[in-house]
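K.L.:
sequence below, structure please.
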Amino acid sequence: MFKHACSSVWNKGPSNSIFLARIKSCRHPPVSRRIRSSLQSRNIACGNRVLCSIMDSVGDLCRDAIYEVLTRSSMETVGKCRLLSKEYNKLTYESLFIKLHSQRTNIVSGFLIQSMIRKEYQFSFVSTNGLNTHTQIPFDFLPDHVEIVSSTNQGILLCRAHNKSCYYVGDLSIQQWQKIPNPKTQYDTIESGLMIERSKPLRYKIVRFLKPKFRLHKEFYMYHYIRVELFESATRKWKLLDEVKLPHEESLHRMTKVSVNGSLHWLTWKRNVFAFDVKRESHCLLPLPLPASEGNDNKDVRLTKYKGKLVMTCIDRERNFMEVWIMEDHDRKKRSKRHSINIGVLTRKEPHISPFGLLQC
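P.N.:
Presented below is the predicted three-dimensional model:
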C-alpha cells in the first residue's frame with residue numbers, strides 16, 4: 001500500500017516535464033517570450049498543486065496507518081512516540097485513542113487505592129475504562145503484611161514489609177513479586193519512589209530519602225539535610241548519593257509524589273515542589289505559582305499528572321474555587337493557569353473534598 005502510493009507521487013514528475021517539453025517543441029506560430037514564460041509558470045503551478053494534493057493524500061494515509069499501529073502497540077512504544085512528535089503526543093492523549101487502545105491491547109487504567117483495616121493494609125482497584133468499570137485485579141499474590149509505598153503506570157509496585165526491613169517489587173501484569181536486597185535500616189525513611197527505565201527487560205530504579213544522623217555543626221541547624229540512597233535493578237545494589245540540602249523547616253510532604261518527564265516530584269511543607277531527576281541523580285526546588293503560594297491556610301494544594309504533564313491544583317476553601325495549573329514546559333519550568341472552577345456545588349455535599357487525579361474526557 002505504501003509502495004504503490006509513493007510510486008504515484010514520483011510518477012508525476014516525468015509527466016509534467018514531458019508536457020512542458022511539448023510546449024517548447026510545438027510548431028505553432030512564434031509567441032513572445034513573456035507569453036511563453038507565463039504558460040510555463042501556470043503549468044508548473046498546476047503540477048505543484050497536483051503534487052501537493054497527492055502528498056497530502058499520502059500523508060493522511062500514513063497518519064491513518066500509524067494511528068492503527070499505535071492503537072495496537074504497547075504503552076512503552078506509545079510513550080516513545082509521544083517524545084518524538086508533538087502531533088502524536090497530543091493524539092495519543094485524546095480520549096478516543098485511549099479508549100480504542102485499551103480495547104485492542106486489553107490494558108486497564110484506573111486508580112490503586114490503599115487503606116488500613118485492623119492494622120492491615122487492604123488494596124483495591126477502581127477502573128476508569130468506560131467498558132471495564134468493574135474490572136477486578138487480584139493483589140493476593142503479594143507477600144503478607146506489606147504496604148505499597150510507590151507504584152507506576154506500568155503496574156509495577158514497590159512494597160515494604162510492616163517491620164520496614166524488607167522491600168519487594170511486584171508486577172500486576174504477571175502477578176509475581178521479587179525481593180530486593182535490604183537497604184540500611186538504621187535511618188528513618190521520609191519518602192520512597194520507583195521509576196521505570198524500560199519494560200522489556202524490566203529495568204527500574206528506586207530512590208529513598210532518609211533522615212541523616214544528627215551532627216553538631218552550625219549548618220545542620222541552618223538547613224534541612226536528607227540522606228539519599230539509590231537502587232538500580234541492573235546491578236541489584238544500593239548506593240549512597242550526595243545529601244540533599246533544603247532550606248530550614250523544609251521537608252517532603254508524604255503521599256504527594258508524581259512521576260513526570262524522568263523526575264519524581266513532591267510537595268514540600270513550605271509549599272514548593274521538590275523534583276528529583278532519577279537519571280541525572282540531581283534535584284531542584286520549584287516555587288508554586290503565586291496565587292497558590294499566598295495565603296496557604298485556606299488552600300489545599302495537590303500535585304497530579306495530566307496528559308504527561310505535571311499539574312498543580314489549588315482549592316480555595318473560602319471562595320469555593322479550584323485553580324488548575326499545568327507545567328507546559330518542564331525543562332524551562334513554564335506554567336500556565338488553564339482553569340478556574342467553581343466547586344461550590346461539590347463542597348456543599350462534601351466539605352473536605354480534594355482532587356485525586358485528572359481524567360481525559
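K.L.:
what's L83 in contact with, if anything?
P.N.:
Residues in contact with L83 (CB atoms under 8 Å, 6 or more residues apart in numbering) are N89. For the C-beta atoms, the positions are set from N, CA and C on the backbone; glycine is no exception.
K.L.:
distance check, it against N182.
P.N.:
As defined by CB to CB, to the nearest Å, L83 lies at a distance of 35 Å from N182.
K.L.:
residue closest to the middle of the protein?
P.N.:
The residue lying closest to the centre of the chain (CA atoms, centre = their mean) is G308, at 3.0 Å.
K.L.:
excluding residues flanking it in the chain, which one is nearest that residue?
P.N.:
Leaving aside its sequence neighbours, G308 sits nearest to R82 (CB to CB, 6 or more residues apart in numbering; 6.3 Å).
K.L.:
tell me who's in contact with the one you found.
P.N.:
Counted by CB under 8 Å, 6+ apart, R82 has contacts Y88, N89, T92, Y93, G308.
K.L.:
these two touch, right, the fourth one and K305?
P.N.:
No. When contacts are counted by CB atoms under 8 Å, Y93 is not listed as touching K305 (11.2 Å).
K.L.:
what element comes up after the helix or strand hosting the residue nearest to G308 heading to the C-terminus?
P.N.:
For R82, the host element (DSSP states H and E) is helix 75-84. Next in sequence after helix 75-84, counting helices and strands by DSSP H and E, comes helix 86-91.
K.L.:
helices of the stretch 251-361 of the chain, residue ranges please.
P.N.:
For the stretch 251-361 of the chain, applying DSSP state H, counting those that start in this stretch gives helices covering 290-293, 344-349.
K.L.:
and the residue lying closest to S151 once chain neighbours are set aside, how far from R118?
P.N.:
For S151, ignoring the flanking residues on the chain, the nearest one in space by CB to CB, 6+ apart is L157 at 5.1 Å. Noted for L157: a distance of 22 Å to R118, by CB to CB.
K.L.:
V69: how many residues sit nearby?
P.N.:
V69: 11 surrounding residues under other CB atoms under 10 Å.
K.L.:
the more surrounded of L157 and R118?
P.N.:
Comparing L157 with R118 by neighbour count (other CB under 10 Å), the higher total belongs to L157, at 21 against 5.
K.L.:
the more buried one: which element?
P.N.:
If you go by DSSP H and E, L157 is part of strand 156-161.
K.L.:
roughly how far is that strand from the heart of the chain?
P.N.:
Relative to its chain's centre, strand 156-161 lies at 21 Å (CA atoms, centre = their mean, to the nearest Å).
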